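>>> When you get a sec, could you give me coordinates for this:
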Amino acid sequence: MINASYDEAHDPKYGDPFPVPIVMATTETLKGYGKIVTDFENEEVEITPWPVQGWRKLCPGTGTLGGLIHDELTYKWVGDQSLFTDGTEDGDFITGRLPKHVSPADRTHVLVREANYHPDGGQVFYPKNKDPFVALLALPGDDIKLEDFVAFYFDGTFGVQIHADIWHQPIYPIRDASVIRGKQGAVHACVAMDTVKEFGKFLLVPLKPPI
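Residues are numbered from 1 along each chain as shown. From the prediction side, this is the model:
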């Protein structure tokens, strides 16, 4: 993550934010992005074998032995800011901010400027208490554009494992606070981008299910 500042979210110099479409998360709509997870404990994390430098192949059973990390992250709303905490002394990380015209009492959209992907493996997000959430995703490729992003609405009855190289942000809770169980490869290399720096715009991500 970049952990970029959201102090500029309401600055008029950036103009209107770019509207991101939202779809219901289903097996069909998630194709290419990831897969539905109904059993967190038994879900195997997809690990990408370590890349080789030339034509010689990896020895069988190697290149995927970095292990896994498990965590429970709290995602929450504090005023007009979306935050998550990783349970360390680093504190809370800001992942979005409500638009100026949106009330904290009726969170319809969130402004977002960051995304990242992990080339070394998948990542599992699973709602501990069956809370609904929104995941912002985009298909692989470093030449990403604003129109590549899609918001997926999860009703809380299942989680997701996104594939390696899928652009994403930490999830956005629908309720005031949600605990999300997670696991991914212990290496979790991270490639990040900032839409404000690259395109001069924030993303406008819906927080309500599609009609």
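>>> So which residue is dead centre in the protein?
The structure's the chain has its C-alpha centroid closest to residue 169; by CA atoms, centre = their mean the separation is 2.7 Å.
>>> can you map out the helices along this protein?
Taking DSSP state H to define them, one finds helices in the chain at 195-199.
>>> so what's the residue nearest to the centre of the chain closest to, chain neighbours aside?
Closest residue in space to residue 169, ignoring its immediate chain neighbours: residue 136 at 4.7 Å, by CB to CB, 6 or more residues apart in numbering. C-beta here means a position set from N, CA and C on the backbone, and glycine is covered the same way.
>>> Surely that neighbour is in contact with residue 204?
No. No contact is recorded between residue 136 and residue 204 when judged using CB atoms under 8 Å, the distance being 10.9 Å.
>>> just to revisit the earlier point, who's the residue nearest to residue 169 bridged to?
Note on residue 136: beta-bridge partners residue 151, judged by DSSP bridges.
>>> Please name the residues that touch it.
With contacts defined as CB atoms under 8 Å, 6 or more residues apart in numbering, residue 136 is in contact with 20, 112, 115, 149, 150, 151, 152, 168, 169, 172, 203, 205.
>>> change it to 7 Å
Under the criterion of CB atoms under 7 Å, 6 or more residues apart in numbering, the neighbours of residue 136 are 20, 112, 115, 149, 151, 168, 169, 205.
>>> Go through the protein and flag its longest strand.
If each strand of the chain is counted by residues according to DSSP state E, the longest one is strand 68-78.
>>> Now do the same for it: mean pLDDT, whole number.
On average, the pLDDT along strand 68-78 is 94.
>>> With stretch 17-26 instead?
Stretch 17-26 shows a mean pLDDT of 98 in the predicted model.
>>> residues of that stretch that come out buried?
The neighbour-count check on stretch 17-26 (16 or more other CB atoms under 10 Å) flags 17, 18, 20, 22, 25 as buried.
>>> coming back round to it: give the contact list for the residue nearest to the centre of the chain.
Residues in contact with residue 169, defined by CB under 7 Å, 6+ apart, are 95, 112, 114, 115, 136.
>>> Could you check how far it is from residue 57?
As for residue 169, its distance to residue 57 is 35 Å (criterion: CB to CB, to the nearest Å).
>>> backbone phi and psi for the residue lying farthest from the centre of the chain, please?
Farthest-out residue of the chain from its mean C-alpha position, per CA atoms, centre = their mean: residue 56, at 34.8 Å. In terms of degrees, to the nearest 10, the main-chain angles of residue 56 are phi -80, psi 140.
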